[in-house]
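**Q** A structural model of the following input is requested.
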Amino acid sequence: MTPLQTVQAAGQSAQIGATMPDLSLRGPGELDLFGQAMPTKPDFSGLIRPRLELTHITINPQVVETLKADGSRKIELSLSQQLAAGWTHYFIYETLIAAGFAAVGLVAVAGVSRKPVLKMTAAGIGFAIALNLGSVLLSASSTPKVLSSVKTLDQLVGVDPLTGTPHSHTKPLPGVQAVVLGDSTASGDGLPLASGATAFDRACSRSAEAYANDLATVNGWNVLNLSCSSATITNGLLGAQVLNNGQVAPVQMVEAEQATHAKVIVVSVGADDVQWSIMTRLCVASTVCNDKVSGAYFTQLLDSFTRSYYQLLGDLADLPQHPAVLVNEYYDPFGKGLGCLTKYGMTAAKANVLVARLGQLNKVLAQGAQAFGFGDVQPDFAGHELCTDDPYVQGATDPAPFHPTAAGQLAIALADQQALPDLTPSPVVTPSSSASPTSAVALPARLNRGL
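**A** The predicted structure is shown next:
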């Protein structure tokens with residue numbers, strides 16, 4: 001009956017209380033992550049162990065400013081202290097509730113037995129409090145110390161084995177001027193691979209026509225494209241990614257750190273984190289797409305992505321070379337005309353729901369980039385959506401539906417190119433003699449033809 005106690009730190013809200021008593025003398029507690037219960041990574045001594053519920057994540061510019069001002073060490077200390085204090089407060093309330101029930105029972109007994117009410121009640125309450133506190137001290141005395149060692153809520157359940165950082169065999173790459181991180185949009189999924197592609201290039205669907213290559217050509221840069229199909233922030237950018245061929249791709253951020261003189265990092269990520277491709281297929285197959293169940297599920301995925309995204313932004317801000325960072329938002333693949341998709345069950349109402357969800361994702365991407373002082377840009381595919389005569393998007397029967405075509409990759413490159421001069425710090429690179437960083441005329445010939 002004792003209410004869980006709420007603790008907050010760095011945009012994370014959790015409630016802490018106790019599990020049901022266990023007969024074992026040592027074991028894990030319980031963490032409820034948005035309705036999914038799992039054992040905690042650390043074990044606790046005693047019969048009574050903590051139960052935590054992660055209830056809400058709020059990431060906004062104010063939270064980011066707090067993180068910047070206080071620093072990670074103070075935030076970690078704050079969370080540790082609050083978890084331990086929350087546990088203590090929980091048992092203070094529990095003891096008071098136990099004493100209240102004891103008082104009611106003792107008053108009733110004293111009335112029936114006709115014994116002095118105050119004397120009997122006071123003695124009984126004192127005994128109940130002593131018994132309660134003694135039981136807690138004996139069965140859960142070490143719990144505050146364990147909770148005080150928890151720096152982030154994620155440490156309570158450990159790290160996904162895929163998100164561990166494998167050893168990187170990449171040597172420092174001082175000759176790289178720019179790095180691209182991200183998912184299949186950046187890798188060029190569905191487009192031709194480069195001749196001499198490595199096993200990782202093939203498994204990640206890295207194309208010779210990806211926008212990273214266009215930026216390299218126009219600027220005379222050596223661009224390191226680390227993007228990979230199906231990459232998410234936790235399984236790809238900040239953690240290792242298992243590929244379709246069974247290989248484990250190195251962590252993109254770890255590889256990016258080897259580019260010790262890179263002045264620009266371009267990021268395209270988020271669609272796989274919120275399972276936009278799956279959402280699209282479900283939407284097409286369903287009667288409607290804006291049902292409350294799928295809406296709530298998308299909101300949960302977006303909340304989780306937001307949290308990971310701000311961690312990524314923080315890691316980018318901490319890179320020792322302090323590169324300029326540009327975040328790519330997602331394009332609208334549908335537009336107004338849907339004639340080529342009606343046979344698959346797509347309607348204007350369904351497309352509106354999907355585009356609205358992309359808009360929510362783009363809002364998170366933009367707000368995060370702006371909060372950290374990074375650049376952000378949304379490529380414009382207007383007039384070149386899926387069902388137009390000259391689409392920048394691959395169709396339903398193409399190798400990678402809804403992904404950019406070669407012309408779409410060029411459009412992304414153009415949007416990035418136009419945003420580069422406004423980034424801080426400005427890229428310090430030496431363009432080729434025929435290239436101008438801010439001129440669309442200097443882009444490859446196929447870009448001029450495509451646009």
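
**Q** what about the strands in this protein?
**A** Along the chain, counting by DSSP state E, strands occupy 5-9, 12-18, 26-33, 36-45, 50-57, 178-182, 223-225, 241-242, 248-249, 264-268, 324-328, 375-377.

**Q** who wins for proximity to N235 among those strands?
**A** Distance to N235, taken as CB to CB, is lowest for strand 241-242 among those, at 4.9 Å. In this view, the C-beta of every residue, glycine as well, is placed from N, C-alpha and C.

**Q** Mind giving me the packing neighbours of that closest one?
**A** Packing partners of strand 241-242 (3 or more CB pairs under 8 Å, 6 or more residues apart in numbering; DSSP states H and E): strand 248-249.

**Q** Could you list the residues in contact with the strand it packs on?
**A** Contact with strand 248-249 is made by 162, 166, 200, 203-204, 228, 231, 236, 240-243, as judged by CB atoms under 8 Å, 6 or more residues apart in numbering.

**Q** picking that back up, compare the mean pLDDT across the strands of the chain and name the weakest.
**A** Sorting the strands of the chain by mean pLDDT places strand 50-57 lowest, at a mean of 68.

**Q** Taking the centroid of the protein, which residue is nearest it?
**A** The chain has S308 as the residue nearest its centroid, 2.4 Å off, counting by CA atoms, centre = their mean.

**Q** how close does that one sit to A216?
**A** 28 Å (CB to CB, to the nearest Å).

**Q** Domain parsing of the chain, as residue ranges.
**A** Following automatic domain parsing, one gets these domains for the chain: 5-156, 164-445.

**Q** can you give me the helices for the stretch 301-450 of the chain?
**A** 348-371, 406-419, 445-450 (DSSP state H, counting those that start in this stretch).

**Q** With distance to G29 added, can I get those in TSV?
**A** Formatted as TSV, the helices of the stretch 301-450 of the chain follow (distance: least, CB to CB, whole Å):
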stretch	distance to G29
helix 348-371	31
helix 406-419	46
helix 445-450	56
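
**Q** With mean neighbour count, distance to L4 and mean pLDDT added, can I get those helices in a markdown table?
**A** Listed next are the helices of the stretch 301-450 of the chain as a markdown table, based on neighbours: other CB atoms under 10 Å; distance: least, CB to CB, whole Å; pLDDT from 0 to 100:
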| stretch | mean neighbour count | distance to L4 | mean pLDDT |
| --- | --- | --- | --- |
| helix 348-371 | 18 | 28 | 94 |
| helix 406-419 | 22 | 46 | 96 |
| helix 445-450 | 14 | 57 | 44 |
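
**Q** how about the residue nearest to A231 when sequence neighbours are not counted, what does it touch?
**A** Take A231 and drop its neighbours on the chain: the residue closest to it by CB to CB, 6 or more residues apart in numbering is D183, 4.6 Å away. By CB under 8 Å, 6+ apart, the residues touching D183 are 227-232, 236, 268-272.

**Q** Hmm, I97 is touching F91, no?
**A** No: between I97 and F91 there is no contact under CB atoms under 8 Å: 10.3 Å.

**Q** In terms of packing, which of these two has more residues around it?
**A** F91 (23 against 14; other CB atoms under 10 Å).

**Q** pretty sure that one is in contact with S135, am I right?
**A** No: using CB under 8 Å, F91 makes no contact with S135, being 9.9 Å away.

**Q** quick one: common contacting residues for the two?
**A** Listed as contacting both F91 and S135 by CB under 8 Å, 6+ apart is no residue at all.

**Q** Give the residue spans of this structure that score low on pLDDT.
**A** Where the chain drops to pLDDT under 70, the residues are 8-13, 33-36, 54-80, 110-115, 117, 119, 137-141, 149-170, 424-451.

**Q** redo that, cut-off 50
**A** 59-60, 62-63, 67-76, 159-169, 426-451 (pLDDT under 50).

**Q** Confirm for me that N362 is in contact with P379.
**A** No: look at N362 against P379 with CB under 8 Å: they stay out of range, at 10.9 Å.

**Q** which neighbours do these two share?
**A** Both N362 and P379 are contacted by E329, under the criterion CB under 8 Å, 6+ apart.

**Q** Pull the contacting residues for the residue nearest to the centre of the chain.
**A** Per CB under 8 Å, 6+ apart, neighbours of S308: 232-234, 238, 273.

**Q** Most neighbours among those, which one is it?
**A** Counting by other CB under 10 Å, top hit in the contacts of S308: I233 with 27 neighbours.

**Q** Leaving out chain neighbours, which residue sits closest to it?
**A** S308 (4.0 Å).

**Q** cool, and S187?
**A** Nearest residue to S187, sequence neighbours excluded (CB to CB, 6+ apart): S227, at 4.2 Å.

**Q** Out of the strands of the chain, the one nearest A285 is which?
**A** Nearest to A285, of those and by CB to CB, is strand 36-45 at 25.4 Å.

**Q** packing partners for that closest one?
**A** Strand 36-45 sits against strand 26-33, strand 50-57, helix 143-148, with contacts defined as 3+ CB pairs under 8 Å, 6+ apart.

**Q** Using JSON lines, lay out those together with distance to P323.
**A** Listed next are the helices and strands packed on strand 36-45 as JSON lines, based on distance: least, CB to CB, whole Å:
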{"stretch": "strand 26-33", "distance to P323": "33"}
{"stretch": "strand 50-57", "distance to P323": "28"}
{"stretch": "helix 143-148", "distance to P323": "36"}
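
**Q** export those to TSV and tack on mean neighbour count and distance to I412?
**A** Shown next, in TSV, are these (neighbours: other CB atoms under 10 Å; distance: least, CB to CB, whole Å):
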stretch	mean neighbour count	distance to I412
strand 26-33	18	34
strand 50-57	20	30
helix 143-148	19	46
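
**Q** for those, which one sits closest to Y331?
**A** strand 50-57 (27.1 Å).

**Q** returning to what we had before: so of the contacts of S308, which ones are in helices?
**A** Among the contacts of S308, no member falls in helices (criterion: DSSP state H).

**Q** out of those, which one sits closest to I48?
**A** Set against I48, the nearest of the contacts of S308 by CB to CB is T234 (32.4 Å).

**Q** Could you check how many residues crowd around the residue nearest to T2 when sequence neighbours are not counted?
**A** In space, and not counting its chain neighbours, T2 is closest to E94: 4.2 Å by CB to CB, 6+ apart. If you count neighbours by other CB under 10 Å, E94 ends up with 19.
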